[in-house]
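Enquirer: The sequence isn't on hand, but the structure is:
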């Protein structure tokens with residue numbers, strides 16, 4: 001097996017774990033014998049343990065001595081109840097280790113590489129580093145900046161509207177594009193929505209793709225006045241999928257207690273200079289809990305606030321061929337832009353046709 005193919009295989013393995021490994025990153029590992037035959041592979045298990053290297057070594061169908069290991073993130077150097085992944089690779093007898101990205105976690109942060117090199121193993125870094133960094137962008141951002149990665153999911157008409165003037169919005173895009181959007185939910189640790197979307201649509205915010213129901217993310221609702229109906233779908237399912245409500249300290253105390261008694265976590269968020277809830281405060285709280293990635297599904301004011309505060313890393317823009325017109329509701333509300341020089345800019349990453357609709361992915 002060629003080196004590039006082996007690392008791409010490791011990346012593919014890691015991709016299957018995205019959204020189910022927090023607080024750990026999703027890592028892939030492939031092991032070749034000394035003749036470059038594939039003899040083992042694995043990814044980080046759901047829940048974050050065991051790590052990819054241990055799973056790959058446990059799957060061995062041959063002798064790794066003198067062989068090569070490919071890992072998408074630097075093997076950990078810290079010990080818990082088991083030896084570190086770096087120590088496991090040393091013990092296996094591999095001669096070379098290829099690593100896509102160094103681990104910024106202070107418990108490892110180059111220590112894994114030093115352990116390998118001290119044991120006489122050849123270490124090569126940087127193979128498909130861009131792909132590996134993108135794959136675990138949330139983990140890297142949380143460790144380096146104390147924030148999860150934030151992605152917006154927007155479905156709009158061709159002219160950028162999310163509904164008619166009367167609020168009617170079903171359906172802007174086709175069934176396949178909507179199913180693709182549900183697949184996104186399975187790849188994120190947390191999903192966030194504003195209270196207006198919850199009241200209007202009674203959204204469940206879960207993943208309803210067959211076979212992936214258990215991959216539904218933790219739910220966050222931004223609700224400054226605690227307006228959420230107690231019969232909402234997001235509350236009814238709270239025993240299966242946790243719900244966090246971000247609200248202000250001035251919201252109804254009795255309702256707050258009722259929600260807590262029902263199993264909802266209520267977090268009081270301070271307000272920013274514009275008298276809105278400080279979303280950055282909420283994001284930092286998610287980061288402290290170990291959540292790496294956040295998918296935002298409305299509404300337009302939430303999108304605007306996050307973009308204005310430069311908290312958005314990626315936008316999934318599903319666009320249909322329908323035209324609604326100037327009296328339709330805009331996908332992103334005003335953020336008081338007066339000069340184009342100050343417009344928030346994103347770069348196109350990819351564009352695909354999904355059964356008549358278009359999915360554009362934009363990155364900061």
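Expert: In hand now; what should we look at? As the structure is a computational prediction, the values presented were derived from the model and not from experiment.
Enquirer: Could you use CA atoms for every contact and neighbour count after this?
Expert: Noted.
Enquirer: quick one: the helices in the stretch 151-300 of the chain?
Expert: 175-185, 195-201, 233-236, 253-261, 279-288, 300-308 (DSSP state H, counting those that start in this stretch).
Enquirer: how about those, which one is nearest residue 84?
Expert: Closest to residue 84 of those, according to C-alpha to C-alpha: helix 279-288, at 23.7 Å.
Enquirer: circling back: for residue 11, which of the helices of the stretch 151-300 of the chain is the nearest?
Expert: That would be helix 175-185 among these, by C-alpha to C-alpha, at 17.8 Å.
Enquirer: Show which residues not belonging to the closest one make contact with it.
Expert: Applying C-alpha atoms under 8 Å, 6 or more residues apart in numbering, the contact partners of helix 175-185 are 153, 191, 206-209, 215-217, 295, 318, 354-355, 357.
Enquirer: Please repeat the previous calculation with a cut-off of 10 Å.
Expert: Helix 175-185 has contacts (C-alpha atoms under 10 Å, 6 or more residues apart in numbering) with 19, 153-155, 171-172, 191, 205-209, 212-213, 215-218, 294-297, 316, 318-320, 353-359.
Enquirer: With mean neighbour count and mean pLDDT added, can I get the helices of the stretch 151-300 of the chain in JSON lines?
Expert: Listed next are those as JSON lines, based on neighbours: other C-alpha atoms under 10 Å; pLDDT from 0 to 100:
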{"stretch": "helix 175-185", "mean neighbour count": "17", "mean pLDDT": "91"}
{"stretch": "helix 195-201", "mean neighbour count": "16", "mean pLDDT": "89"}
{"stretch": "helix 233-236", "mean neighbour count": "19", "mean pLDDT": "92"}
{"stretch": "helix 253-261", "mean neighbour count": "14", "mean pLDDT": "95"}
{"stretch": "helix 279-288", "mean neighbour count": "19", "mean pLDDT": "97"}
{"stretch": "helix 300-308", "mean neighbour count": "20", "mean pLDDT": "91"}
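Enquirer: which one of these lies closest to residue 246?
Expert: Evaluated over the helices of the stretch 151-300 of the chain, closeness to residue 246 peaks at helix 279-288, with 7.3 Å, by C-alpha to C-alpha.
Enquirer: roughly how far is that closest one from the heart of the chain?
Expert: Centroid separation between helix 279-288 and its chain, computed with C-alpha atoms, centre = their mean, to the nearest Å, is 14 Å.
Enquirer: Quick check: which helices or strands does it pack against?
Expert: Using 3 or more C-alpha pairs under 10 Å, 6 or more residues apart in numbering; DSSP states H and E, the elements in contact with helix 279-288 are helix 137-145, strand 149-156, strand 218-222, strand 243-247, strand 265-268, strand 293-296, helix 300-308.
Enquirer: For residue 25, which of those is the nearest?
Expert: Among the helices and strands packed on helix 279-288, helix 137-145 comes nearest to residue 25, with 5.8 Å by C-alpha to C-alpha.
Enquirer: Outline the domain layout of this structure.
Expert: With domains defined by automatic domain parsing, the chain comprises 3-135, 144-363.
Enquirer: Report the buried members of the contacts of helix 175-185.
Expert: Among the contacts of helix 175-185, those classed as buried by 16 or more other C-alpha atoms under 10 Å are 19, 153-155, 172, 191, 205-209, 215-218, 294-297, 316, 318-320, 354, 357-359.
Enquirer: Now do residue 79, the pLDDT please.
Expert: For residue 79, the pLDDT comes out at 78.
Enquirer: Tell me which residues touch it, please.
Expert: Taking C-alpha under 10 Å, 6+ apart, we find residue 79 in contact with 85, 86, 87, 107.
Enquirer: Poorly predicted segments of the protein, please.
Expert: For the chain, the stretches with pLDDT under 70 are 81.
Enquirer: one step back: would you tell me which one of the domains of the chain is buried the most?
Expert: Across those, the average number of neighbours (mean count of other C-alpha atoms under 10 Å) peaks for domain 3-135, which reaches a mean of 20.
Enquirer: can you give me phi and psi for the residue lying closest to residue 127 once chain neighbours are set aside?
Expert: Once flanking residues are discounted, residue 127 sits nearest to residue 100: 4.8 Å by C-alpha to C-alpha, 6 or more residues apart in numbering. The phi/psi pair for residue 100 (degrees, to the nearest 10) reads phi -70, psi -50.
Enquirer: mind checking how far residue 100 is from residue 60?
Expert: From residue 100 over to residue 60 the distance is 22 Å, taken as C-alpha to C-alpha, to the nearest Å.
Enquirer: go on, residue 138?
Expert: Counting by C-alpha to C-alpha, the gap from residue 138 to residue 60 is 30 Å.
Enquirer: same thing with residue 39?
Expert: Using C-alpha to C-alpha, residue 39 is found at 5 Å from residue 60.
Enquirer: can you check residue 305 too?
Expert: Separation of residue 305 from residue 60 (C-alpha to C-alpha) stands at 50 Å.
Enquirer: So which residues of the stretch 51-200 of the chain form strands?
Expert: Ranges of strands in the stretch 51-200 of the chain, per DSSP state E, counting those that start in this stretch, are 68-73, 96-101, 122-125, 149-156, 161-163, 190-194.
Enquirer: Turn those into TSV, columns for distance to residue 222.
Expert: Formatted as TSV, the strands of the stretch 51-200 of the chain follow (distance: least, C-alpha to C-alpha, whole Å):
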stretch	distance to residue 222
strand 68-73	34
strand 96-101	35
strand 122-125	41
strand 149-156	15
strand 161-163	19
strand 190-194	5
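Enquirer: out of the ones you listed, nearest to residue 326?
Expert: It's strand 161-163; of those, that one is closest to residue 326 (C-alpha to C-alpha) at 8.5 Å.
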